Each structure stands twice: as C-alpha cells, then as structure tokens.
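> turn this into a structure:
(chains A and B)
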Amino acid sequence: MKQEYRSSSPAVWYPHDTSEAWRLKEAFAADSQYIAGGTLLRTWWESGTAEPPRHLISLNSIPGLSGVTLHEHYLMIGSQTTLAGIRYNTAAARYAPLLVEACRVIAAPSVRNLATIGGNISSMVGDSLPALLALHADLLWFNGSQTEAVPLEAWLAEAETRSGSAALLTHIRIPLHGIRLKTAEEVVHEKRLYEGDDVLPVGYEVKRLSAYDKVGRREAFTPSVVTTAIMGDITEEGRLANVCVAAGGGQTPPSRLRAPESVLEGRLLSDAELLHALYEAVYTDFDPVGDAFAGREYRRLTAAGLLTAAVWKSAKGMAREEDSGCC
Amino acid sequence: MNENRAAERPAAPGTELYVNGNRVTVCTEPSKRLLHVLRDELQMTGAKRSCEIGRCGACMVLLDGRPVNACLTMLYQCGGRTVTTIEGIAPQESGGLDPVQQAFLEEGGYQCGYCTPGMIISVKALLDFIPDPTDEEITEALSGNICRCTGYGGIIRSVRRASELKKISSSDA
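Sure thing, here's the model as predicted:
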C-alpha cells in the first residue's frame, strides 16, 4: 500500500483564487503541497529528501499573485513572481537592489525563469532571505478568511511551528524607508504608481549603505556557503543609522545580527576603529550550520569578512565622493 | 469563494501544448517531467537526459521563449504554452540552420556534443533578449549549462559569432 502510494503520480489541482487554494490545503492537509515553480520540490523529490505528495495545489492559475507594483510607501511583490521577473524589474532594481542582486545570483537563468520568490522564502533557507531581512520585508499570508501581515523576521522565528499550516503566502511587502517620491503630495494614499515598465521619477532622501554578497564553492550557479546583507542610512555628517545586518547561507536559518547592528549604529562611517569592531561582532554573533565541505568556523570568518568589506567599500566610496566634491 | 463553482478540479487527462509550432495533446500524468514527455511520448530526443536536477542544462528548452530545464518542468506547467526544442530552432521553411547553430559549427563550439543542444538553446534565448551581449552577460546566460569536455573557449567564440551572424542576417532582411 505504501509502495503504491509512493509510485502514484500526484494529482494536480488548479484553484481559481486564494480561498479555493486554502480550502484544498485544509482538506488534503499533509497529503498536499502548494506548488508554483516547483524547482526546489523537484530536486527534493529526486534526492529523496521529500516524498512527492498525493496532491499538488498549483498556484499558477490564481490571478494577482505575480508581479511587482510600486505603492506610495512600499514595494509589493507577488509571491508567484519568478526570480527572473524580479531580477529584471525596474522598480525592484531601484527600490530593492539587495533583493535584485540576490535574485541575480540564485541558481541559473533557466531555474530563475521557473522558480518563484514565494518558493525561495518558503524553503526557509533561500538566498533571498538575508536581503529581505535587511529590507525589513513583511510577508502577507492568507489564512482562510483574511490576509495577515507578518514581519519576515518574526515568521522565520516561528516557521517551524507553522509548517503544517494551510496559510498561503500571497505577497512580500517592502517598505520604502528613506525614499522620497517627488510627486508625493499629488499622490492619493497608497495609489499604485507603477505598472509595467513605467516608473515615476523618484529620489532618495538619504545616502545608503547597501550590499548583498553570496559565497559558494564555485563562481556561479552554486549553493551558498554564506550569504550576507547589510542596509543602513548614512546621515549628512556621515554617521550610520537604521542599520540592519543579516546573514544565512547553506542550511543556516537566515537571521539578523543584532550585535553588529549595535556596533554600526550611530558611528561615523569614516571611523578607523569601526571595521575591526564590526568584524569581531559578526564573528561572535553569527552562528552558522557547518557541513563536511565548509565548517562553522569557516562560515563565521567568511561572513565577518564579507560584511566588513561591504562597509569598507561604502566608506571608500563616500571618501571618493567627498574628494571629487572638493575639487 | 463561490461554493457552487466547479473550480477545484484535477488536471484533465490530456494536456495541450505547442511544441515547435505544432499543437499536441499529451495524455499522461500531469506531473511528468517535460523532458520525459519530449523524449518518451513525443520521440524528440534532442533535449538530453543528464543530471535531472536542473544543474547541467543538457535538457534546456524554451518555454514561451525563455530557457527552462525540461527536467525540472512538469507537463501541467506547459499547458497552453509554447515549447521550443533544439529540433525546432532551425527555420522550417528554408531547411537551413539558425545562426546560433551555424556559429557553433564554424567555431567548433562543441567536443562530444552532449551539452550542445542545451548550449544552443541558452544562446538563442540570450541573443533574442540581448543581441550584443557583454562577456558578463554571456557568462550569466550560460551559467546553467555545463560542458564536461571544458570546451568553453569555443563556446564563447560561438556566441560572439552567432551575434555577428544574427546582425548580418537582420541587416540583409
């Protein structure tokens, strides 16, 4: 009986909306799985990491779950948007460059044409997660009756306990901190500003420290060993503010690193002591999962090096700007 | 949700798709991989079976003009969509070769040839999107295609030559 179950091909269901999808998941429970791109699931099935479920609930036919839209206060990304769709989206490039860079280095173009941001998030170890943490993203979940916004950080902390839930990730919401829309006074609250390739002129109120880095065991199309993301504002006098640091990679659950954030917050980017303090804080705070190829210690050193280099590059860039401004 | 609507339905027994311009209906499991549908059901063996986990690119096909790994793509995901395989790359009317195929021949962009169909598909997708790619763009576009003969030098030359051939053919047109 068990063998018969294993050899049978899953039935595929095509709900028309999120309510239908949720109801199917509730009905089939552990015998079912939501699916869109399916690239990660397919590799899990092949490797034996997971058994194919009896029922696949396809999210492809549900309208409104794909695409990137710009609103007055946030960027909204449908959970079924492909990684390629984000990688080449002009609004995402402008307002969430960390995420675009993450999408650029996940897998290869052919995989990114199928894989969705929702699937990358749901894996709980996807390489988009450090970028989304640094961007203070919220996840919008449909729970059968309403849509609930959950900060990504909170969801990651509780994700294990929610694993059997029928809740459906519909959108990722990224706040536009520190970004000024030039026509803001003319814009009705939360009016959609962006659709297709037309983006209204915008500007940043503040300078930014912003970097995403991924290290793997080869240059391209590689599973990550370490991924890091850092974002913060640089004030007029060159101090760091609202700094967010995140790291993950491999099987390490991505998380924010509070100690490095405390080290950076309020400090002058040009402070000569800053880099050493940051390196030590990342090394101490980051607690990665090691494996036979890359141990815990190696990953800690790598994360410390990547984040310190990111801040050093930003400081160097700012110094160059100041020099060119004087002359 | 409208409780009366017959919306929750399993896949129909046949999946209709367009392969190299021909409408086909495939009656098999909807979660069957496109690679096996092409090779076993449609007898189109140009897409090669290799890693089967989306890493090597030997099974690359175009789905609505974009490259995807046929080993990762399930049949139901292709319903109503267009699939282009290496068998459908060349212009059917003239019987000639696509500029990308011609360039691979001229520049020796292959050794054993097993990766070549996938390489050509990826290059075609790249040049359709970016006619004159930079080295960085070529590297990214081919990052999902592995040549175990390490014939990358010839492959990169082929991409450059294909770009030239496409420009020539479009200026002649």
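> and the strands in the stretch 201-327 of chain A?
A:202-204, A:207-216, A:224-234, A:240-249, A:252-256 (DSSP state E, counting those that start in this stretch).
> turn those into a markdown table, including mean pLDDT.
Listed next are those as a markdown table, based on pLDDT from 0 to 100:
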| stretch | mean pLDDT |
| --- | --- |
| strand A:202-204 | 52 |
| strand A:207-216 | 94 |
| strand A:224-234 | 96 |
| strand A:240-249 | 96 |
| strand A:252-256 | 96 |
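> point to the residue nearest the middle of chain B.
B:Val61 (2.0 Å; CA atoms, centre = their mean).
> quick revisit: determine which of the strands of the stretch 201-327 of chain A approaches chain B most closely.
strand A:207-216 (11.6 Å; CB to the nearest CB). Where C-beta positions appear, they are placed from N, C-alpha and C, glycine not excepted.
> what parts of the stretch 201-327 of chain A come near chain B?
A:220-221 (CB under 8 Å from any CB of the partner chain).
> quick check: nearest residue in space to the residue of the stretch 201-327 of chain A found nearest chain B, chain neighbours excluded?
Closest contact between the stretch 201-327 of chain A and chain B, by CB to the nearest CB, is at A:Ala220 (4.0 Å). Excluding its sequence neighbours, the residue lying closest to A:Ala220 (CB to CB, 6 or more residues apart in numbering or on different chains) is B:Ser143, at 4.0 Å.
> before we move on, what SS does that neighbour have?
coil (DSSP: H, G, I helix; E, B strand; the rest coil).
> how many neighbouring residues does the residue of chain B found nearest chain A have?
The nearest approach of chain B to chain A comes at B:Gly144, 2.6 Å away (CB to the nearest CB). Neighbour count for B:Gly144, taken as other CB atoms under 10 Å in any protein chain shown: 25.
> what comes up buried for the helix or strand hosting B:Leu126?
Using DSSP states H and E, B:Leu126 sits within helix B:116-129. For helix B:116-129, a neighbour-count test (16 or more other CB atoms under 10 Å in any protein chain shown) marks B:116-127 as buried.
> can you list those in JSON lines and add distance to chain A?
Formatted as JSON lines, the buried residues of helix B:116-129 follow (distance: CB to the nearest CB, whole Å):
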{"residue": "B:Thr116", "distance to chain A": "16"}
{"residue": "B:Pro117", "distance to chain A": "13"}
{"residue": "B:Gly118", "distance to chain A": "9"}
{"residue": "B:Met119", "distance to chain A": "12"}
{"residue": "B:Ile120", "distance to chain A": "13"}
{"residue": "B:Ile121", "distance to chain A": "9"}
{"residue": "B:Ser122", "distance to chain A": "7"}
{"residue": "B:Val123", "distance to chain A": "12"}
{"residue": "B:Lys124", "distance to chain A": "12"}
{"residue": "B:Ala125", "distance to chain A": "8"}
{"residue": "B:Leu126", "distance to chain A": "8"}
{"residue": "B:Leu127", "distance to chain A": "13"}
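> I'd guessed A:Arg258 sits against A:Asp285; true?
Yes. Counting by CB atoms under 8 Å, A:Arg258 touches A:Asp285, with 6.9 Å between them.
> which one's more surrounded, those two?
Legend: neighbour count by other CB under 10 Å for A:Arg258 and A:Asp285, higher for A:Asp285 (21 against 12).
> returning to that earlier point: roughly how far apart are the residue of the stretch 201-327 of chain A closest to chain B and B:Leu62?
21 Å (CB to CB, to the nearest Å).
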